[in-house]
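# Sequence and predicted structure below; questions after.
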Amino acid sequence: MRILPGLIAPFTLAAVLARWLIIIVARQRPARPGGLGADFALGLTPLTLTLAALIPLALIVSLTFNFDGWRILRAVLFAHLVTFAVIALARARLGGVTGDALGRANQRLAVQAGEVLFMVAGLPLKLK
């Protein structure tokens, strides 16, 4: 039964990381001051951002020490790079983050990038 944590851990981290990364996207400069992206960003204070970072950080540290740490860290780095690419694209094409860009980023990060990312990282992860 040692294989079960190795199967669950990547998908748990993918879900948690995707939700953390959407907060990073939402914290960026909005395209329009009165738009949905701006409204969402109003509630994201530095304290909120710090508190929201604790769960993914704790999970990443835990998985790094309990599983193959380099694979976890590479996957986390790749997810952040995808996020920054989404931010750069939103800035270049839209002038900032919009509500639609947030929705699209959430879908991409949570559904596609996150799950594919951790499948590429390798399943199952081996316990140390």
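Thanks, I have the structure now. Numbers count the residues shown, from 1 in each chain.
# which residues does residue 84 contact?
If you count contacts by CB atoms under 8 Å, 6 or more residues apart in numbering, residue 84 has none. C-beta here means a position set from N, CA and C on the backbone, and glycine is covered the same way.
# what about the nearest residue to residue 69 once chain neighbours are set aside, helix or strand, and which?
Leaving aside its sequence neighbours, residue 69 sits nearest to residue 63 (CB to CB, 6 or more residues apart in numbering; 8.0 Å). Using DSSP states H and E, residue 63 maps to helix 46-66.
# so after that helix, what's the next helix or strand?
Using DSSP H and E, the first helix or strand after helix 46-66 is helix 69-94.
# which parts of that following helix are buried?
71, 72, 75, 76, 78, 79, 82, 83, 86, 87, 90, 94 (16 or more other CB atoms under 10 Å).
# Turn those into JSON lines, columns for pLDDT and distance to residue 56.
JSON lines is the format used below for the buried residues of helix 69-94 (pLDDT from 0 to 100; distance: CB to CB, whole Å):
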{"residue": "71", "pLDDT": "76", "distance to residue 56": "17"}
{"residue": "72", "pLDDT": "78", "distance to residue 56": "12"}
{"residue": "75", "pLDDT": "79", "distance to residue 56": "12"}
{"residue": "76", "pLDDT": "82", "distance to residue 56": "8"}
{"residue": "78", "pLDDT": "81", "distance to residue 56": "15"}
{"residue": "79", "pLDDT": "81", "distance to residue 56": "10"}
{"residue": "82", "pLDDT": "81", "distance to residue 56": "15"}
{"residue": "83", "pLDDT": "84", "distance to residue 56": "12"}
{"residue": "86", "pLDDT": "83", "distance to residue 56": "17"}
{"residue": "87", "pLDDT": "87", "distance to residue 56": "18"}
{"residue": "90", "pLDDT": "86", "distance to residue 56": "22"}
{"residue": "94", "pLDDT": "87", "distance to residue 56": "26"}
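# Having no further points to raise, I will conclude here.
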